[in-house]
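Undergrad: got a sequence here, can you model it:
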Amino acid sequence: MDRVIFHSDCNSFYSSVELLSRPELRDVPVAVCGDPESRHGIILAKNEPAKRFGVQTAETIVSAKRKCPGLVLLPSHHDLYREYSKRVNAIYARYTEFVEPFGIDESWLDVTASWHLFGSSPGAVAQQLRRAVKAETGLTVSVGVSFNKVFAKLGSDYKKPDAVTQFTRENYKRVVWALPVTSLLYVGRSAAKTLAGLGIRTIGELAAADPAVLTAALGKLGGELSRYARGEDDSPVRSIYDKPEVKSVGNGLTFPHDLTDIDEARSALFALADEVASRLRAHGMWASSVQLSVKDPQMKLITRQAPLPSPVCTGRELAQAALALLAANWRFPAPVRALTVTALNLSHSAPEQLTLFDEGASSRSDKHERLEKSLDAIRGKYGHAAIAGASVLNRGLGLGKLSIDDPRKKRE
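TA: Below you'll find the predicted structure:
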């Protein structure tokens, strides 16, 4: 028996939440944006009227206003978005325990064993779910219904807003295979370019391609995309009672001013890595590799990764690896707008092959770990800004509220 999978996607989520309290703006172009004063001046979300002007997520405010001079800009309220996300997912959980969020505004539901309790068909239940979300939250959702997660996701994207689309065993070859390959989950710009080089531009052409050729061109992703296009995705929908798997831990920041020297970048990397390591330790995890992302003022992004000599959970070791990546791939004074440090290849243990010559290095690593765990305890009691490395103080990098001369200021 085929599974019955829903993918429910809140339409224009950030802007829709904002417009709940601003109904007079519902029919005019609106975008939610970051704070230009903090140089987070990009579009985070837009409503349907703004989409018709070609406004896109992640483009700069300047670019968006050029397309749509009458665009109304609203500040973001992330706590509010998280609250509405919880409310929407609570509605989903009334239909099944198998609810797997995919970001803040979309979720998969496996209703294979439960849909018959709520309606005469999976499509009817999806319509009921759509109406319930709208009635109880004021938000609209688009729901895809299919026999696997990938096609369900494709269904929720197929028709927006406030719609239900079904891809079945009977219609997917006719409808899905005619769609551009970029419609398929995980086909990004780079993969699409590689596939185009192979003459593959539709999902049907992808399904018909030799899996060995796809694997040779795209590695593991090629084999996965081949299965997805043929409707062979069998990945499960996680239960709400399952603890989410942590695959990476990252921290990034757009700086108040461009960084143009290695000393500022070093301070930033150590502060970012310190936060990443603190979260690793909270999860009881170690990282075996590190990733550094660098964005310039023109929003061009480069990303580099490197393995670590052994699994680590300290900010010092993550920062040193990130700094080595920066030194190898960036030439100052070329300006840096933003940096992100991400710990990858995580595990719940730190296996290490020691030799007679490793004792000193291992001892130093243990010492750093004990020190940083002490910092965790201080921050847990007094707040994250209670203590930080001296190199981040008074740098003006937006790395926190600490200043070298303010902890003991007079209290009037």
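
Undergrad: next, the closest residue to A209 other than its chain neighbours: phi, psi?
TA: Closest residue to A209 apart from its sequence neighbours, by CB to CB, 6 or more residues apart in numbering: I200 at 5.8 Å. Placement of C-beta: from N, CA and C, glycine included. Dihedral pair for I200: phi -110, psi 110, per degrees, to the nearest 10.

Undergrad: helices or strands up against the helix or strand containing Y14?
TA: In this assignment (DSSP states H and E), Y14 forms part of helix 13-19. Other helices and strands packing on helix 13-19, by 3 or more CB pairs under 8 Å, 6 or more residues apart in numbering; DSSP states H and E, are strand 30-33, strand 43-46, helix 78-92.

Undergrad: mind listing the strands for this structure?
TA: 5-10, 30-33, 43-46, 72-75, 99-101, 106-110, 141-146, 164-166, 249-259, 286-295, 301-312, 336-347 (DSSP state E).

Undergrad: got a markdown table for those, with distance to A93 too?
TA: What follows is the strands of the chain, written out as a markdown table (distance: least, CB to CB, whole Å):
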| stretch | distance to A93 |
| --- | --- |
| strand 5-10 | 12 |
| strand 30-33 | 27 |
| strand 43-46 | 25 |
| strand 72-75 | 30 |
| strand 99-101 | 5 |
| strand 106-110 | 9 |
| strand 141-146 | 15 |
| strand 164-166 | 19 |
| strand 249-259 | 27 |
| strand 286-295 | 32 |
| strand 301-312 | 35 |
| strand 336-347 | 28 |
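
Undergrad: distance to V237 and mean neighbour count for those strands - can I get that in TSV?
TA: Below are the strands of the chain laid out as TSV (distance: least, CB to CB, whole Å; neighbours: other CB atoms under 10 Å):
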stretch	distance to V237	mean neighbour count
strand 5-10	7	27
strand 30-33	29	25
strand 43-46	26	23
strand 72-75	33	15
strand 99-101	5	21
strand 106-110	4	24
strand 141-146	12	28
strand 164-166	17	22
strand 249-259	24	18
strand 286-295	28	21
strand 301-312	29	15
strand 336-347	22	21
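
Undergrad: reformat these as a markdown table; add distance to K86 and mean pLDDT.
TA: Formatted as a markdown table, those follow (distance: least, CB to CB, whole Å; pLDDT from 0 to 100):
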| stretch | distance to K86 | mean pLDDT |
| --- | --- | --- |
| strand 5-10 | 12 | 98 |
| strand 30-33 | 19 | 93 |
| strand 43-46 | 18 | 91 |
| strand 72-75 | 21 | 93 |
| strand 99-101 | 10 | 96 |
| strand 106-110 | 11 | 98 |
| strand 141-146 | 15 | 98 |
| strand 164-166 | 23 | 98 |
| strand 249-259 | 22 | 90 |
| strand 286-295 | 29 | 95 |
| strand 301-312 | 31 | 93 |
| strand 336-347 | 26 | 94 |
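
Undergrad: closest one to Y84 among the ones you listed?
TA: strand 5-10 (8.0 Å; CB to CB).

Undergrad: wait, which of the strands of the chain is closest to D234?
TA: strand 5-10 (10.8 Å).

Undergrad: would you map the helices across the stretch 201-350 of the chain?
TA: All helices of the stretch 201-350 of the chain, identified by DSSP state H, counting those that start in this stretch, fall at 203-208, 211-218, 220-229, 262-283, 315-329.
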